[in-house]
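K.L.:
return a 3D structure for these sequence lines:
(chains A, B, C and D)
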There are 2 protein chains.
Amino acid sequence: MPQHDPLREQIIAQYDAMSPQLQQAARYVLEHPDEVALVSMRELARHAAVQPATMTRLAKFLGKQGYDDIREHYVAVLRRGSDGFAAKVRQLDGGTTEAANGNIAAQMLHGLSAQISQLCEPDSLQRLEAIANTLKSASKVYVLGLRSCHSVAWHFHYVMSLLGERSVHLDGPAGTGGDALVRATPEDVMLVISVKPYAVATLELTQLAKDKGLTVLSITDSEVSPLVGMSEKTIFCPTESDSFFHTLTPALAISEVLCTLLAEGDRPKALDALQRADEHFLSLNTYSSAIPRRE
Amino acid sequence: MPQHDPLREQIIAQYDAMSPQLQQAARYVLEHPDEVALVSMRELARHAAVQPATMTRLAKFLGKQGYDDIREHYVAVLRRGSDGFAAKVRQLDGGTTEAANGNIAAQMLHGLSAQISQLCEPDSLQRLEAIANTLKSASKVYVLGLRSCHSVAWHFHYVMSLLGERSVHLDGPAGTGGDALVRATPEDVMLVISVKPYAVATLELTQLAKDKGLTVLSITDSEVSPLVGMSEKTIFCPTESDSFFHTLTPALAISEVLCTLLAEGDRPKALDALQRADEHFLSLNTYSSAIPRRE
DNA sequence: ACACAAATGATTCAAACGTTGCATTTGTCG
DNA sequence: CGACAAATGCAACGTTTGAATCATTTGTGT
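P.N.:
Here you go, the predicted model:
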């Protein structure tokens, strides 16, 4: 991480004065400085979803003579960075264990990173795949996650709804959360998220869904979770944390992966749904500026 | 210094079998691996005092299809080296890059893991600390996160409420989300979470809070996010993902770390609050007490 | 000294590069 | 609504790239 990057700061300083396209280009440059040095301008523009000419215009806008000035700068940055590479690695390497000891935040972040890494095990991947496939064939997906798991459940539902999937979030004010289940049929699937301690309401609603013939899938924290016995398929998320409470970050990661697998199953449809959503939000002025979609 | 560089070792192994010109080219490549990635072949040849064609011949001699194969390799090496922790994580996991290729889920999980790792940078840790300190001294914390950021906002609020902190979630049915701000005072703090595309309502409420004299803290995705200008302190969360949509997993990780730092600031109080919560839930039968064992 | 094959240099080519000017769209003011 | 300027997309340009081809040199065995 370069501490003083004058060009970077210049871009940030002039960002607000840029046109939307220039902003998009500038933003990509800010977020991927290495790429600037390593790939051609056209490819960079492609990745930033911007016209090649826009990169040139960005350079001019910044007072440079051409794009090469920008590239040269980031080449220099990268050169400098890789010089002290050995030292850097040594520092990171040695620092990891010791430095983290005195630092709760770093320690925790490392733990989370490792936990998510662990989800790459073949067993987990297989479970993810299986659950995604079941979700794919569902006529409707009821999503249930109460208390701490609300965040995961809601996020899954939100993304699914953007993708145009028939997702129903089992939640609502005044204890009406489970009401939507009255219309559920055996063609539907329920995705339930729950970690210890398991909310009674979650278990009750899950049992009800199972009784109604729904296929129950679950994201939960242990082989001995009560959900395991109620579910057709299960994926396990680590929840242990250095802090007082459980972490739901791995569970959220899982739900995002599931969304991706679902979307990836039918790319055209997903893209279409996203575009429709874009237009909807655009006409409602929901978001502050143009919404550039990534390819 | 690259740990395992197969191409480098191949060059060394075959060095003796090369013609003088090839050796000269090979030697320059070995001694300036970065240059290979950063300059054109012709320029590299110029520096190595060798014909451009010799570089192509070197590639063929090494069994590659063309010079680009060599360049790509050193680009990959440089890419890996330049982003510190992420590189290390990837490295620890061995054949990550290859293994993940055919598998969207694994690829995505690795990306998330690396992104969270990146948050261990000193700059991020410092920002986390600063924000936690401000939150600590707040009389009340208003939490705002709309649309996709709802999950993060809600989770933060939920944990805070368990910890007995005075947290107010700015959300509610029928568009009443911002109403709670009427009672806000300059002693209060607002924590706002928003990533691109930024919801108009979020920006408006944030501005309102700022106008009322609240200290605004934000979790957002870029130096050029509109929130940066409105916030006293900011922490940045990566959101890029292999999928169609942004990831909020790093943002959630950040919010969990903030919660932990806050709780850690006064352990006894946190423990006390948690116990009180436990008793509350016990008397309400919120959670299923026994974990039914399965055989 | 000669012949011959390997190595090297020079030349050429198609593709991709960064840049530019022009047409079109977009947003805004009169 | 029309007009104007800014912003953006598009197509063409001249240049440079990496690779292929051919000519020349070099080194070696007889």
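K.L.:
centre-most residue in chain A?
P.N.:
Central residue of chain A (C-alpha atoms, centre = their mean): residue A:256, 5.4 Å from the mean position.
K.L.:
and that residue, that's in a helix?
P.N.:
Yes: assessed by DSSP: H, G, I helix; E, B strand; the rest coil, residue A:256 belongs to a helix.
K.L.:
ok, residues contacting the helix or strand that contains residue A:112?
P.N.:
According to DSSP states H and E, residue A:112 maps onto helix A:104-118. Here helix A:104-118 makes contact (C-beta atoms under 8 Å, 6 or more residues apart in numbering or on different chains) with A:96, A:99-101, A:124, A:238, A:240-243, A:247, A:249-250, A:253, B:89, B:93, B:109-110, B:112-114, B:116-117, B:119-120, B:125, B:128-129, B:249, B:253, B:256-257, B:260-261, B:264. (Each C-beta comes from the backbone N, C-alpha and C, glycine too.)
K.L.:
which is the succeeding secondary structure element to it?
P.N.:
Following helix A:104-118 in sequence order, the next helix or strand is helix A:122-136 (DSSP H and E).
K.L.:
strands of the stretch 151-295 of chain A, residue ranges please.
P.N.:
Remark: strands assigned in the stretch 151-295 of chain A by DSSP state E, counting those that start in this stretch are A:167-169, A:189-194, A:215-220, A:233-236.
K.L.:
closest one to chain B among those?
P.N.:
Minimum separation from chain B across these (C-beta to the nearest C-beta) falls at strand A:189-194, 9.5 Å.
K.L.:
now find how far off-centre that closest one is within its chain.
P.N.:
Taking the mean of its C-alpha atoms, strand A:189-194 sits 19 Å from the chain's own mean (C-alpha atoms, centre = their mean, to the nearest Å).
K.L.:
just checking: what are the partner strands of that strand?
P.N.:
Counting by DSSP bridges, the strands paired with strand A:189-194 are strand A:141-144 (parallel), strand A:215-220 (parallel).
K.L.:
burial count for the residue lying closest to residue A:147 once chain neighbours are set aside?
P.N.:
In this structure, residue A:147 finds its nearest non-sequential neighbour in residue A:199, 5.2 Å apart by C-beta to C-beta, 6 or more residues apart in numbering or on different chains. Close neighbours of residue A:199, defined as other C-beta atoms under 10 Å in any protein chain shown, add up to 21.
K.L.:
next one: the one 5 residues further on
P.N.:
The criterion is other C-beta under 10 Å. On that basis, residue A:204 has 12 neighbouring residues.
K.L.:
the residue nearest to residue A:147 touches residue A:145, doesn't it?
P.N.:
No: using C-beta atoms under 8 Å, residue A:199 is not in contact with residue A:145; the gap is 9.2 Å.
K.L.:
any idea which helix or strand in chain A has the lowest mean pLDDT?
P.N.:
helix A:85-101 (a mean of 41; mean pLDDT, DSSP states H and E).
K.L.:
where does pLDDT dip in the stretch 101-250 of chain A?
P.N.:
Applying pLDDT under 70 to the stretch 101-250 of chain A picks out residues A:101-102, A:174.
K.L.:
so the residue in the stretch 51-200 of chain A positioned nearest to DNA strand D is in which element?
P.N.:
Here the stretch 51-200 of chain A gets closest to DNA strand D at one residue, residue A:53, 3.7 Å apart by C-beta to the nearest atom of the strand. Assessed by DSSP H and E, residue A:53 sits inside helix A:52-61.
K.L.:
and DNA strand C, is that helix touching that?
P.N.:
Yes: Helix A:52-61 is in contact with DNA strand C by C-beta under 7 Å from any atom of the strand, via A:52-53, A:55-57, A:59-60.
K.L.:
can I get the strands paired with strand A:189-194 in JSON lines including mean neighbour count and distance to residue B:229?
P.N.:
As requested, the strands paired with strand A:189-194 are exported to JSON lines (neighbours: other C-beta atoms under 10 Å in any protein chain shown; distance: least, C-beta to C-beta, whole Å):
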{"stretch": "strand A:141-144", "mean neighbour count": "26", "distance to residue B:229": "36"}
{"stretch": "strand A:215-220", "mean neighbour count": "24", "distance to residue B:229": "38"}
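K.L.:
can you lay out those as TSV showing distance to residue B:32?
P.N.:
Shown next, in TSV, are the strands paired with strand A:189-194 (distance: least, C-beta to C-beta, whole Å):
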stretch	distance to residue B:32
strand A:141-144	55
strand A:215-220	49
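K.L.:
out of those, nearest to DNA strand C?
P.N.:
Using C-beta to the nearest atom of the strand, the nearest of those to DNA strand C is strand A:141-144, at 35.4 Å.
K.L.:
stretch A:57-72 and DNA strand D in contact?
P.N.:
Yes: residues of stretch A:57-72 contacting DNA strand D under C-beta under 7 Å from any atom of the strand: residue A:57.
K.L.:
mean confidence for that stretch?
P.N.:
Averaging pLDDT along stretch A:57-72 yields 92.
K.L.:
run the chain-centre distance for it.
P.N.:
33 Å.
K.L.:
other residues contacting it?
P.N.:
Residues from elsewhere that reach stretch A:57-72, judged by C-beta under 8 Å, 6+ apart: A:7, A:10-11, A:14, A:18, A:22, A:25-26, A:29, A:36-37, A:41, A:55-56.
K.L.:
so which of these sit within helices?
P.N.:
In this view, those that belong to helices under DSSP state H are A:7, A:10-11, A:14, A:22, A:25-26, A:29, A:36-37, A:41, A:55-56.
K.L.:
which of these are buried?
P.N.:
Neighbour counting with 16 or more other C-beta atoms under 10 Å in any protein chain shown marks A:7, A:11, A:14, A:22, A:25-26, A:29, A:36-37, A:41, A:55-56 as buried within those.
K.L.:
which one of those is nearest residue A:139?
P.N.:
Residue A:139 has its nearest neighbour among those in residue A:25, at 43.1 Å by C-beta to C-beta.
K.L.:
my guess is residue A:161 contacts residue A:155. True?
P.N.:
No: between residue A:161 and residue A:155 there is no contact under C-beta under 8 Å: 10.8 Å.
K.L.:
who has more neighbours out of those two?
P.N.:
Neighbour count, other C-beta under 10 Å: between residue A:161 and residue A:155, residue A:155 has more, with 28 against 16.
K.L.:
distance of residue A:107 relative to residue B:122?
P.N.:
In this view, residue A:107 and residue B:122 are 14 Å apart by C-beta to C-beta, to the nearest Å.
K.L.:
ok, the two, which is more surrounded?
P.N.:
Set side by side, residue A:107 and residue B:122 show more neighbours around residue A:107, with 20 against 13, by other C-beta under 10 Å.
K.L.:
please report the distance of the residue of the stretch 1-150 of chain A found nearest DNA strand D from residue A:50.
P.N.:
In the stretch 1-150 of chain A, the residue that lies nearest DNA strand D is residue A:19 (2.7 Å; C-beta to the nearest atom of the strand). To residue A:50, residue A:19 is 11 Å away according to C-beta to C-beta.
K.L.:
more neighbours: those two, which one.
P.N.:
More crowded of residue A:19 and residue A:50, by other C-beta under 10 Å: residue A:50, with 22 against 12.
K.L.:
okay, the more buried one: pLDDT?
P.N.:
For residue A:50, the pLDDT comes out at 92.
K.L.:
what's the answer for residue A:254, then?
P.N.:
Looking at residue A:254, its pLDDT reads 97.
K.L.:
how about residue A:286?
P.N.:
As predicted, residue A:286 sits at a pLDDT of 68.
K.L.:
the one 3 residues further on too?
P.N.:
In the prediction, the pLDDT value recorded for residue A:289 is 58.
K.L.:
quick check: domain ranges of chain A?
P.N.:
With domains defined by automatic domain parsing, chain A comprises A:6-83, A:85-116, A:120-284.
K.L.:
closest to residue B:73 out of the ones you listed?
P.N.:
Of all the domains of chain A, it is domain A:6-83 that lies closest to residue B:73, at 12.3 Å by C-beta to C-beta.
K.L.:
and chain A, which residues reach DNA strand C?
P.N.:
Listed as neighbours of DNA strand C in chain A under the rule C-beta under 7 Å from any atom of the strand: A:40-43, A:52-53, A:55-57, A:59-60, A:66-68, A:71.
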